[in-house]
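S.K.: 3D, please:
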Amino acid sequence: MTVIFFAMKRRIALFGGSFDPIHLGHTEVARAAAQHIKAERVVFIPAKCSPLKGHPPRANDNDRLKMIELAIGNDDVFAVSDCELRRPAPSYTLETVKQFQSEYGPDVCVHWLLGADSVDDLVYWYRIEELLDVCHLSVMVRGRYEAPTFDKYVPVWGIERVEKLRKNSVPTPEIDISSTEVREHLYRRMDVSEMLAPEVTGYIRQHHLYERV
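M.R.: Numbers count the residues shown, from 1 in each chain. Sure thing, here's the model as predicted:
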């Protein structure tokens, strides 16, 4: 009898966001997502300016990039890319995904990580149907929360795309930290030791980020 083995594609996960600043919640959910989808690497991609946000990040591009580098340290699973920072704003997820697909080649499966709280915004994403077709949008569902059903999107995107979204839902730890909360703590000079990596806190203090102006 002949036994045929099918090699599983290598996988990478792309994690985009403002990261203003990057906090321990970002790194913990990224690590959990990588383990769940068996990704060999998670690439953090700071956005220059989200097309869906009406204001730019508080910290500048170089500072946010540096804070990510400090937060991920020498972890072999984590990496950072400034590809969106180098593009004219606004930068679109579809363009970024296609860039990584071109760089890694057809033997690598690309996942894009996003929080479950961003699902309702997907209908506004640039060429969302094409994005759903060319990569795996992996919705990260926190702790005890239920995964979105996506049922209301069936008439919009079709059953196959919705089933793909369901299949790619990723359970992650429930970590109640937000960048907005972190900035507020920093502004009020409150303790952030349970929110930020020490190296990130040190950088913020050294460069007087998020202080009163």
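
S.K.: State the mean pLDDT of whichever helix in the chain runs longest.
M.R.: Longest helix in the chain, counting residues (DSSP state H): helix 24-37. In this model, helix 24-37 carries a mean pLDDT of 96.

S.K.: same deal with stretch 114-127?
M.R.: Computed over stretch 114-127, the mean pLDDT rounds to 92.

S.K.: With just CA atoms, put it into CSV.
M.R.: Taking C-alpha atoms only, stretch 114-127 is exported to CSV below (Å, rounded to 0.1, in the frame of the first residue of the first chain):
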residue,chain,number,x,y,z
LEU,A,114,-7.6,41.2,14.0
GLY,A,115,-9.6,41.7,17.2
ALA,A,116,-13.2,40.6,17.4
ASP,A,117,-14.2,44.2,18.2
SER,A,118,-13.1,45.1,14.7
VAL,A,119,-15.4,42.7,12.8
ASP,A,120,-18.2,45.3,12.3
ASP,A,121,-15.7,47.5,10.6
LEU,A,122,-14.8,44.9,8.0
VAL,A,123,-17.5,46.1,5.6
TYR,A,124,-15.6,49.4,5.3
TRP,A,125,-12.2,47.8,4.6
TYR,A,126,-10.7,48.4,1.2
ARG,A,127,-11.6,45.7,-1.3
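
S.K.: List the contacts of it.
M.R.: Under the contact criterion C-beta atoms under 8 Å, 6 or more residues apart in numbering, stretch 114-127 has outside partners 16, 29, 51-52, 92-94, 128, 131, 137-142, 145, 147-148, 150, 153, 156. All C-beta atoms are positioned from the backbone trio N, CA, C, and that covers glycine.

S.K.: Not counting its neighbours along the chain, what's nearest residue 190?
M.R.: Spatially, and ignoring its direct neighbours in sequence, residue 190 is nearest to residue 184 (8.0 Å; C-beta to C-beta, 6 or more residues apart in numbering).
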